[in-house]
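>>> here is the input, now give the coordinates:
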Amino acid sequence: TAGQGGQTVTAYDAADGGVVSTSALPAGIDESASCAVLRHTIACAAGGDLVQAALSGVGDASTVQGGANAVTYVSPAFVAVARGDGAVLFRDSQAGIAQAKNFGLGPVAFVEADGSVVAAVGGEEALSLQTYAADADFAAAESERTVHGLTDPAAIFPASKFHPDGKVLVQTVDGALHLIARSKSDVQWTRPEYLRSIAAVEYADLVADSVVESNKGNFITEAIARMARQMTKLASLFTPCAQTGRDKFNLHQFIVAATRSGTLAAIDSLSGQIVWNRFVGAAIATASLHVIHSDGHSASVFALVATLVDGNSLVELFDPLTGAASQSQSLAAVQAAGVIPGVAGRHSGVLLVLTGNNSVSAFPPTAEALALVQAYVAAHVTVVHGVDRAAGVVAGFHITATKTALAADPAWRVALDPAHESIVAVAGRAPLDRTHSVGDILSDHSVLYKYLHPGLLGVATLSLEKESTLTLYVIDTIKGSIVDRSTQEHAQGPVSLVHSDNWFAYTFRDRKNRRWQLNVLELFDGAGKPPAGGVSAMQRATPIASSKAFVLPHPVAALGVTVTDAGISYRALIAAVPSGRLVAIQERFFDSRRPIGAQTPRTEEQVPYFPLLNASLPLNYNQSLHAIDGVVCAPTDLESTSLVFAHGLDLYLTRVAPSKHFDVLTEDFNRLYLVLAVVVLAAGTYVAAARLQSVQLAQAWQ
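Modelled structure (predicted):
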């Protein structure tokens with residue numbers, strides 16, 4: 001407590017509340033000092049020194065050592081002191097505090113367990129658990145165990161105070177939880193809690209088992225390898241085994257995730273097991289994953305572009321099937337990043353990364369990749385864009401090339417006022433999103449052509465005023481123009497936004513009517529049928545906007561949209577509901593051109609408009625999903641089927657067929673009758689052909 005005479009420490013009897021002792025602290029210790037009250041002593045970091053005073057009031061305060069920045073209470077007998085040269089553990093006794101161990105600058109965490117203190121000390125190759133007894137007369141650790149495979153603890157917790165092994169729960173800096181028995185040297189179990197905070201997700205196609213990489217050109221080794229693969233496939237018909245390669249319909253994929261704790265991981269879509277995981281070295285603030293090469297026949301190359309919590313950026317190229325990194329480079333703050341697809345082949349591209357000083361780096365960082373980009377930039381207008389949410393700026397940069405390097409010139413800038421509105425959601429079109437039909441057929445059999453532009457970007461903002469307004473900006477990232485702008489009064493977050501084909505869909509809470517709402521904005525080409533050879537983005541006419549609003553019977557925590565191989569199937573919105581459901585809404589139910597009134601002309605596929613959108617299909621049935629914050633979809637080689645991955649506190653993957661399985665035989669299909677019908681038809685054809693030949697021969701002899 002603070003009084004006229006300075007700071008005092010009072011000890012009370014827990015039984016009757018009586019005052020046991022009162023001690024006055026030195027004048028240099030005030031409310032700003034970092035202190036910890038122990039059994040016999042109070043220890044404080046004041047003025048750069050570690051100061052101690054006896055709680056009994058006997059004796060004066062004394063300086064233990066200098067260079068103390070802060071003290072942290074660990075247990076009644078121990079205090080941790082943060083110094084410039086690392087962490088130091090002190091043990092308390094009636095004579096005062098004494099140093100038990102100086103751990104240096106390495107990572108260390110402390111926890112009280114069974115009256116002692118366990119220090120988890122991280123190393124480059126192993127984690128050391130050191131136990132310090134409260135009443136020991138020696139400074140060394142009472143016991144020490146080495147746990148291989150774990151490094152850099154972030155925190156440790158007592159898992160069981162009464163267990164004979166004294167189990168300890170350790171959370172490492174990569175976000176994983178490990179249960180360790182202090183009397184042993186092994187990890188009991190590990191939970192990948194880093195997957196709770198996923199920053200970016202991308203699907204990776206597996207390589208077909210029949211692909212030969214290293215044996216090409218050698219006939220004998222290639223033939224032996226081929227025979228071995230055929231025998232393995234033959235054996236798999238009789239013995240169930242795990243599938244390791246690309247399946248017939250590409251349903252087996254790896255889900256590659258970059259987490260905010262700084263861990264890259266790949267999840268098997270069939271088994272749900274973590275195939276590999278790797279810590280990139282630091283926590284991540286924002287991240288994006290880019291596909292540089294993927295063809296299903298050779299090793300893929302992915303790129304991680306991450307902004308770290310310290311403000312720097314990291315670009316890393318890696319194999320999504322093994323996790324092995326091929327290139328890693330630290331850069332200044334990244335303003336924009338994008339892949340030029342097809343520049344290095346049909347399935348290969350080059351990643352361009354723009355840093356704060358408008359310098360551009362190409363990945364892979366090879367002379368061949370630089371030459372390809374230089375040739376592409378010389379023949380095409382190349383613009384990359386970036387979004388700065390904090391500053392409320394969306395900017396585009398024109399990429400130029402010299403003989404030796406790449407550069408970026410500011411091309412356009414859309415600046416919002418961060419004092420009045422903040423960016424809450426951004427959505428662009430997925431690279432694998434395909435469009436099969438370029439127009440909608442109207443009731444008079446004319447065609448309304450879609451405004452198809454892969455460079456459109458949707459930016460949703462919320463005003464910071466009391467009566468908040470939600471604004472959706474549709475920005476042409478090539479020209480930097482605002483194609484469309486729509487507002488919604490009395491809106492409240494969270495806001496979810498997706499873009500697919502020629503439409504945008506976003507959800508929010510209507511504060512005035514106290515309901516959740518889905519708005520759909522669809523863009524159509526005002527210039528009529530586009531030319532067969534395409535049209536330049538610089539010459540596009542202003543599109544025609546069509547919109548509809550729907551009332552949802554439930555709130556929405558995250559939103560996604562299905563993607564199919566050719567875009568023939570209906571799309572579906574995938575909505576994560578905070579109550580634990582994952583639902584799908586078919587495209588025809590949130591069509592912006594749903595006719596209003598029975599007399600309005602409509603096509604056969606259109607459903608009359610009704611404000612309440614209660615046509616959702618549950619995807620997770622009785623498996624509740626908690627705290628879902630992202631939904632990511634991917635196509636398969638089945639046009640009817642799309643993979644849906646929801647991530648948050650729970651992880652969930654399922655398959656969705658918005659237009660039903662029109663390209664797959666049902667399970668109850670009678671294949672035997674099909675085979676018999678084919679056999680009967682073949683036999684009938686053979687008999688009929690023989691009979692016809694006999695008749696024709698008889699007619700020829702008449």
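>>> next, the buried residues of the helix ranked longest in the chain.
In the chain, assigned by DSSP state H, the helix with the most residues is helix 671-701. For helix 671-701, the neighbour count (16 or more other Cβ atoms under 10 Å) marks no residue as buried. Using the backbone N, CA and C atoms, a C-beta is placed for each residue, glycine as well.
>>> now find how far off-centre it is within its chain.
Relative to its parent chain, helix 671-701 has a centroid offset of 60 Å by Cα atoms, centre = their mean, to the nearest Å.
>>> averaged pLDDT, that helix. What do you get?
Computed over helix 671-701, the mean pLDDT rounds to 92.
>>> got it, and stretch 654-665?
Across stretch 654-665, the average pLDDT comes to 89.
>>> packing partners of the longest helix of the chain?
With contacts taken as 3 or more Cβ pairs under 8 Å, 6 or more residues apart in numbering; DSSP states H and E, helix 671-701 sits against no other helix or strand.
>>> how about the helices in the chain?
For the chain, helices defined by DSSP H occupy the ranges 219-236, 367-379, 671-701.
>>> out of these, nearest to Ile198?
Between Ile198 and those, the tightest spacing by Cβ to Cβ is seen for helix 367-379, at 29.0 Å.
>>> packing partners of the closest one?
Looks like helix 367-379 contacts strand 350-355, strand 359-363, strand 393-401, strand 406-415 (3+ Cβ pairs under 8 Å, 6+ apart).
>>> pick the most buried one from these.
Mean neighbour count (mean count of other Cβ atoms under 10 Å) peaks for strand 350-355 among the helices and strands packed on helix 367-379, with a mean of 22.
>>> that strand pairs with which strands, and in what direction?
strand 334-340 (antiparallel), strand 359-363 (antiparallel) (DSSP bridges).
>>> can you list these in a markdown table and add distance to Gly96 and mean pLDDT?
Putting the strands paired with strand 350-355 into a markdown table (distance: least, Cβ to Cβ, whole Å; pLDDT from 0 to 100) gives the following:
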| stretch | distance to Gly96 | mean pLDDT |
| --- | --- | --- |
| strand 334-340 | 52 | 90 |
| strand 359-363 | 57 | 90 |
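>>> Throw these into JSON lines and include distance to Leu497, thanks.
Output for the strands paired with strand 350-355, formatted as JSON lines (distance: least, Cβ to Cβ, whole Å):
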{"stretch": "strand 334-340", "distance to Leu497": "19"}
{"stretch": "strand 359-363", "distance to Leu497": "28"}
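>>> could you measure from Asn471 over to Val551?
Slight slip there: residue 471 is Thr, not Asn. As judged by Cβ to Cβ, to the nearest Å, Thr471 and Val551 stand 20 Å apart.
>>> can you check Leu177 too?
Distance from Leu177 to Val551, counting by Cβ to Cβ: 42 Å.
>>> likewise Glu368?
For Glu368, the distance to Val551 equals 55 Å [Cβ to Cβ].
>>> who's more crowded, these two?
Val551 (15 against 11; other Cβ atoms under 10 Å).
>>> residues touching the more buried one, list them.
Contacts for Val551 were tallied using Cβ atoms under 8 Å, 6 or more residues apart in numbering; they are Arg515, Trp516, Gln517, Leu518, Pro611, Leu612, Leu613.
>>> of those, closest to Tyr506?
Nearest to Tyr506 out of these is Leu518 (Cβ to Cβ; 7.6 Å).
>>> enumerate every residue touching the nearest residue to the closest one once chain neighbours are set aside.
The spatial neighbour of Leu518 that comes closest, neighbours along the chain excluded (Cβ to Cβ, 6 or more residues apart in numbering), is Phe550 at 4.5 Å. By Cβ under 8 Å, 6+ apart, the contact set of Phe550 is Gln517, Leu518, Asn519, Val520, Phe590, Pro611, Leu612, Leu613.
>>> can you list those in TSV and add distance to Val37 and pLDDT?
Formatted as TSV, the contacts of Phe550 follow (distance: Cβ to Cβ, whole Å; pLDDT from 0 to 100):
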residue	distance to Val37	pLDDT
Gln517	54	95
Leu518	56	95
Asn519	57	95
Val520	61	95
Phe590	61	91
Pro611	62	91
Leu612	61	92
Leu613	59	89
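>>> and stretch 557-572, which residues are buried?
Quick answer for stretch 557-572 (16+ other Cβ under 10 Å): 557-565, 567, 569-572.
>>> and stretch 288-295, by the same measure?
Of the residues in stretch 288-295, Ser288, Leu289, His290, Val291, Ile292, His293, Ser294 count as buried by neighbour count, 16+ other Cβ under 10 Å.
>>> now do stretch 189-198
So, applying 16+ other Cβ under 10 Å, buried residues of stretch 189-198: Thr190, Pro192, Glu193, Tyr194, Leu195, Arg196, Ser197, Ile198.
>>> and it, end to end?
22 Å (Cα to Cα, to the nearest Å).
>>> can you check stretch 458-471 too?
From its first residue to its last, stretch 458-471 covers 10 Å (Cα to Cα).
>>> same question for that stretch: list its buried residues.
Applying 16+ other Cβ under 10 Å to stretch 458-471 flags Gly458, Val459, Ala460, Thr461, Leu462, Ser463, Ser468, Thr469, Leu470, Thr471 as buried.
>>> least confident of those?
Lowest pLDDT among the buried residues of stretch 458-471: Ser468, 86.
>>> pull the number of nearby residues for the residue nearest to Arg540 when sequence neighbours are not counted.
The shortest distance from Arg540 to any non-neighbouring residue, by Cβ to Cβ, 6+ apart, is to His453 (6.8 Å). By the criterion of other Cβ under 10 Å, His453 has 20 neighbours.
>>> look up how far Phe397 lies from His453.
Per Cβ to Cβ, His453 is found 19 Å from Phe397.
>>> what residues are bridge-paired with Ile267?
Assigned bridge partners for Ile267, using DSSP bridges, are Ile255, Ile274.
>>> ok, it - contacts?
Leu195, Phe254, Ile255, Ala257, Gln273, Ile274, Val275, Leu651.
>>> bridged to Gln171, which residues?
Going by DSSP bridges, Gln171 forms beta bridges with Ala155, Leu177.
>>> check Val350 too.
Ile340.
>>> what residue ranges in the stretch 1-150 of the chain score low on pLDDT?
For the stretch 1-150 of the chain, the stretches flagged by pLDDT under 70 are 1-6, 24-31, 57-60, 136-141.
>>> what's the distance between the residue nearest to Tyr609 when sequence neighbours are not counted and Ser546?
Distances taken as Cβ to Cβ, 6+ apart put Arg594 closest to Tyr609, at 4.1 Å, once the chain neighbours are dropped. Arg594 sits at a distance of 10 Å from Ser546 (criterion: Cβ to Cβ).
>>> same question for Gly311.
Between Gly311 and Ser546 the distance is 43 Å, computed by Cβ to Cβ.
>>> got it, and Ser197?
Distance from Ser197 to Ser546, by Cβ to Cβ: 38 Å.
>>> noted, bye for now.
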